[in-house]
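Peer 1: Sequence and predicted model, in that order:
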Amino acid sequence: MASMSSSSKRQGMEDDELESAVDEAIAACDGDMRATIRALIVANNFLECEVSELMKAVSHAYVRGRFQSYSG
């Protein structure tokens, strides 16, 4: 009987969690795959906008000297 390495077990758990998240997303859209994909695209676009705004805010604060660079 072959034993699974810890990285294989971890990957298996991550796969299980991903499959569970997929099932939850589909269930949230009453099994409608197109609605699920649409919802995920909308959520992804929202998150991309949030990241962009945060990057602008951090860059602006950095330029104004509110953050010091890390030198090691």
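Peer 2: Thanks, I have it.
Peer 1: Residue 31: what secondary structure?
Peer 2: coil (DSSP: H, G, I helix; E, B strand; the rest coil).
Peer 1: Measure how buried it is and give me the count.
Peer 2: Neighbourhood size, residue 31 [other Cβ atoms under 10 Å]: 9. C-beta coordinates here come from the backbone N, C-alpha and C atoms, glycine included.
Peer 1: Phi, psi for it please.
Peer 2: Backbone geometry at residue 31, expressed as degrees, to the nearest 10, gives phi 80, psi 0.
Peer 1: same question, residue 19
Peer 2: phi -60, psi -40.
Peer 1: For the chain, give me the ranges with low pLDDT.
Peer 2: 1-4, 66-72 (pLDDT under 70).
Peer 1: so where do the helices sit in it?
Peer 2: Assigned by DSSP state H, the helices in the chain fall at 6-28, 33-63.
Peer 1: The first one versus helix 33-63: what angle between them?
Peer 2: Taking axes from the mean of the first three to the mean of the last three Cα atoms, to 10 degrees, one finds helix 6-28 and helix 33-63 inclined to each other by 120 degrees.
Peer 1: Check which residues of helix 6-28 are buried.
Peer 2: residue 25 (16 or more other Cβ atoms under 10 Å).
Peer 1: Can you spell out which helices and strands pack onto it?
Peer 2: helix 33-63 (3 or more Cβ pairs under 8 Å, 6 or more residues apart in numbering; DSSP states H and E).
Peer 1: Distance from the chain centre to the helix it packs on, please.
Peer 2: Distance, stretch centre to chain centre, for helix 33-63: 11 Å (Cα atoms, centre = their mean, to the nearest Å).
Peer 1: What helices and strands are in contact with it?
Peer 2: helix 6-28.
Peer 1: Send me the helix it packs on as PDB with only the CA atoms.
Peer 2: Below are the C-alpha coordinates for helix 6-28, written out as PDB (Å, rounded to 0.1, in the frame of the first residue of the first chain):
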ATOM      1  CA  SER A   6       2.300  15.400   3.200                       C
ATOM      2  CA  SER A   7       2.300  17.500   0.100                       C
ATOM      3  CA  SER A   8       0.000  15.000  -1.700                       C
ATOM      4  CA  LYS A   9      -2.300  15.100   1.300                       C
ATOM      5  CA  ARG A  10      -2.300  18.900   1.400                       C
ATOM      6  CA  GLN A  11      -3.000  19.000  -2.400                       C
ATOM      7  CA  GLY A  12      -5.900  16.600  -1.900                       C
ATOM      8  CA  MET A  13      -7.300  18.700   0.900                       C
ATOM      9  CA  GLU A  14      -7.000  21.800  -1.300                       C
ATOM     10  CA  ASP A  15      -8.700  20.000  -4.200                       C
ATOM     11  CA  ASP A  16     -11.500  19.000  -1.800                       C
ATOM     12  CA  GLU A  17     -11.900  22.600  -0.600                       C
ATOM     13  CA  LEU A  18     -11.900  23.900  -4.200                       C
ATOM     14  CA  GLU A  19     -14.600  21.300  -5.200                       C
ATOM     15  CA  SER A  20     -16.700  22.300  -2.200                       C
ATOM     16  CA  ALA A  21     -16.400  26.000  -3.100                       C
ATOM     17  CA  VAL A  22     -17.400  25.100  -6.700                       C
ATOM     18  CA  ASP A  23     -20.400  23.200  -5.400                       C
ATOM     19  CA  GLU A  24     -21.400  26.100  -3.100                       C
ATOM     20  CA  ALA A  25     -21.100  28.700  -6.000                       C
ATOM     21  CA  ILE A  26     -23.300  26.500  -8.200                       C
ATOM     22  CA  ALA A  27     -25.900  25.900  -5.400                       C
ATOM     23  CA  ALA A  28     -26.000  29.700  -4.700                       C
END
